[in-house]
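K.L.:
dropping a prediction and its sequence here:
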Amino acid sequence: MPKTETLELPIAGMDCGECAQTVQRAIARLPGVQSVQVYLASEKAVIQLDPARVQLQALHAVVEGAGYRVPAPTPAAAAPAPQLHNLARRISTLLGFVFGMVLFVIVVGEWFGLLRKLTELVPFGPGWQLWLCVAGPSSARWCAPPSGARSSRIP
């Protein structure tokens with residue numbers, strides 16, 4: 001029994017199912033090819049072959065003879081370093097924990113009436129002034145009526 005090998009061959013230029021069948025028939029004619037499946041969506045052919053009887057150059061020649069091309073293999077993108085991946089995971093976990101704790105304090109504070117006490121300590125007037133200082137004059141222009149308007153109602 002001859003040794004079989006499975007090979008994935010990328011194929012470019014296929015537009016329809018007929019193109020895939022043309023490539024499949026062309027590759028299947030080679031001696032030593034046992035089975036061929038051509039996938040149009042992923043633009044590749046999965047070939048079971050006898051490596052002693054079929055050379056890679058012959059496969060390339062058959063595909064190119066059918067009117068399609070085999071793209072040159074591109075080097076795989078370098079995977080991010082494991083240390084950077086772990087650092088990113090730690091940072092996202094820490095941010096999630098901090099956000100969760102802030103949300104927890106807000107919810108529990110509402111249960112125990114802490115938010116009501118906080119709004120009594122910082123009444124609307126000083127809170128509005130603080131917001132105006134932080135947000136700046138651009139927010140005041142946004143809240144103001146348009147220039148030349150006789151009233152604050154915007155028509």
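P.N.:
Cool, the structure landed. Numbering: from 1, shown residues only.
K.L.:
helices along this structure, start to end?
P.N.:
Using DSSP state H, the helices of the chain run over 17-28, 56-65, 82-111, 114-121, 124-135, 137-143.
K.L.:
out of the ones you listed, nearest to residue 3?
P.N.:
For those, proximity to residue 3 was assessed by C-beta to C-beta; helix 56-65 is nearest, at 16.0 Å. C-beta: built from backbone N, CA, C; applies to glycine.
K.L.:
let me know whether residue 11 touches residue 24 as I believe.
P.N.:
No: contact criterion C-beta atoms under 8 Å: residue 11 and residue 24 do not qualify, at 10.0 Å.
K.L.:
ok, the two, which is more surrounded?
P.N.:
residue 11 (24 against 18; other C-beta atoms under 10 Å).
K.L.:
now that one: how far from residue 105?
P.N.:
59 Å (C-beta to C-beta, to the nearest Å).
K.L.:
got it, and residue 62?
P.N.:
Taken as C-beta to C-beta, the span from residue 62 to residue 105 is 69 Å.
K.L.:
the more surrounded of those two?
P.N.:
residue 62 (19 against 11).
K.L.:
excluding covalently adjacent residues, which one is nearest to the more buried one?
P.N.:
Distance criterion C-beta to C-beta, 6 or more residues apart in numbering; nearest residue to residue 62, sequence neighbours excluded, is residue 26 at 5.0 Å.
K.L.:
tell me the domain boundaries of the chain?
P.N.:
The record's domain parsing of the chain by automatic domain parsing lists 5-65, 87-125.
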